[in-house]
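Student: Here's my sequence, what's the structure:
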Amino acid sequence: MLHRYARIAVQRREEYGPQRGFTAIELMVVVAILAVLTALALPSFTDMVRRYRVRRAVEDLVATIYLARVEGIKRGGNVTLRKSTATGCTTSAGNPDWSCGWELFVDANGDGARNAGDTLLQTSPVPKGVNVTLSVQKASLSFNRWGEANNLGAFGVTLRATDPPGDTATYICVSGGGRIRQSSEACS
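Tutor: Sure, this is the predicted structure:
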């Protein structure tokens, strides 16, 4: 013989049909499984974000160098790629660090600085967590009518993730003739 409360529960189940939904225990098990899976996936996700930031900076700089070469040829020279002059950035010629970004402009008077009369073509910030270093100690690169940078010949750029330093680096090698290639090894 069923207890009175049990009979009421059975009658309600028969009236309303089977109950639907999740119990609190089932929800807690699902949350625990998701937490474990997230903890396992997080380190590889962080590496993926680091690699993406470096790759984005590489693609942006390569596109900017190509644009500078094309504009230099089209305009007969006086196109300058200069490291950003944003607040807190060191722009001295002896500092090869371009981690604040860069700007591309038509340098009307050829002084290497962006003045009021110069036409700004492009600005590019560097993604957070990426360090950009040139192999030459220049604050700017001027492209002439043949698409060459400062008559430098070959130069390289190192783009590296800063957290942790040294694990994700890409090198951009620019030959004297202007050919650009990406490498996982330092430019020679």
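
Student: Let's verify residue 22: helix, strand, or coil?
Tutor: Three-state call for residue 22 (DSSP: H, G, I helix; E, B strand; the rest coil): coil.

Student: Tell me how far it lies from residue 169.
Tutor: Plainly put, residue 22 is 48 Å away from residue 169 if you go by C-beta to C-beta, to the nearest Å. C-beta here means a position set from N, CA and C on the backbone, and glycine is covered the same way.

Student: who has more neighbours, those two?
Tutor: residue 169 (17 against 10; other C-beta atoms under 10 Å).

Student: next helix or strand past the strand or helix carrying residue 81?
Tutor: Using DSSP states H and E, residue 81 falls within strand 79-83. Beyond strand 79-83 on the C-terminal side, the first helix or strand identified by DSSP H and E is strand 102-106.

Student: Show me the longest strand that occurs in the chain.
Tutor: strand 165-174 (DSSP state E).

Student: Quick one: residues in contact with that strand.
Tutor: Contacts to strand 165-174, defined as C-beta atoms under 8 Å, 6 or more residues apart in numbering, come from residues 47, 50-51, 54-55, 58, 61-62, 65, 131, 149, 154-161, 180-187.
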